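> Structure here, sequence nowhere to be found:
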């Protein structure tokens, strides 16, 4: 059973995670802060980590831009959940591919492990990430030469609808791609929960 929880800002929707995964105490999460590295969002990564620990999870941080392959493999295979922090989607995809973590991540999801993707972590699940240019800078990923995403979902998540800073970019994406792609906007107090290919909006 493949399951994903796609969120804009995790700290706003923690109750939704408890709803779909009530037994979190003592479980371990593979925590990927990589996307935050190039956007100076260290505070976001730290906040998400604190929130996860407060929910009873053990956090195993794996930066896919620096971690050895075997350490990543052990984490994805051995831990119970995956959490992908927000930041720059293009850099995240570049580093997932370069490290081989893209395949490990997809295998973990196919094995039934819940994957929580926050902002960039939600967008990278799409079939292609080029649509997110209005929200992220592709030049942060100079070694990324095509924008094929992980295809963990068959639609195109658009986080941060109605967000004071990012809503203009979200609106631009919807304007440009509605009717071309299956874009799915959601705000900072919502999530898209995907279970075996069926997606639905959850409200915190």
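Received it, and whenever you're ready, just let me know what you need. This one's a predicted model, so the numbers in the text were calculated from it and none came from an experiment.
> Tell me the bridge partners for the residue lying closest to residue 20 once chain neighbours are set aside.
Of all residues not flanking residue 20 in the chain, residue 193 sits nearest, at 6.2 Å (C-beta to C-beta, 6 or more residues apart in numbering). For glycine as for every other residue, the C-beta is placed from the backbone atoms N, C-alpha and C. Note on residue 193: beta-bridge partners by DSSP bridges are residue 5, residue 200.
> if I read this right, residue 30 contacts residue 79, doesn't it?
Yes. With contact defined as C-beta atoms under 8 Å, residue 30 counts as touching residue 79 (4.4 Å).
> what touches both of those two?
residue 60 (C-beta atoms under 8 Å, 6 or more residues apart in numbering).
> Comparing the two, which shows the higher neighbour count?
residue 30 (27 against 21; other C-beta atoms under 10 Å).
> Please, which helix or strand holds the more buried one?
Residue 30 is part of strand 28-32 when elements are defined by DSSP states H and E.
> my guess is residue 3 meets residue 197, correct?
No. With contacts counted by C-beta under 8 Å, residue 3 stays clear of residue 197, the gap being 10.5 Å.
> more neighbours, those two?
More crowded of residue 3 and residue 197, by other C-beta under 10 Å: residue 3, with 17 against 8.
> farthest residue from the center of this structure?
Outermost residue of the chain with respect to the C-alpha centroid, by C-alpha atoms, centre = their mean, is residue 179; its distance is 24.2 Å.
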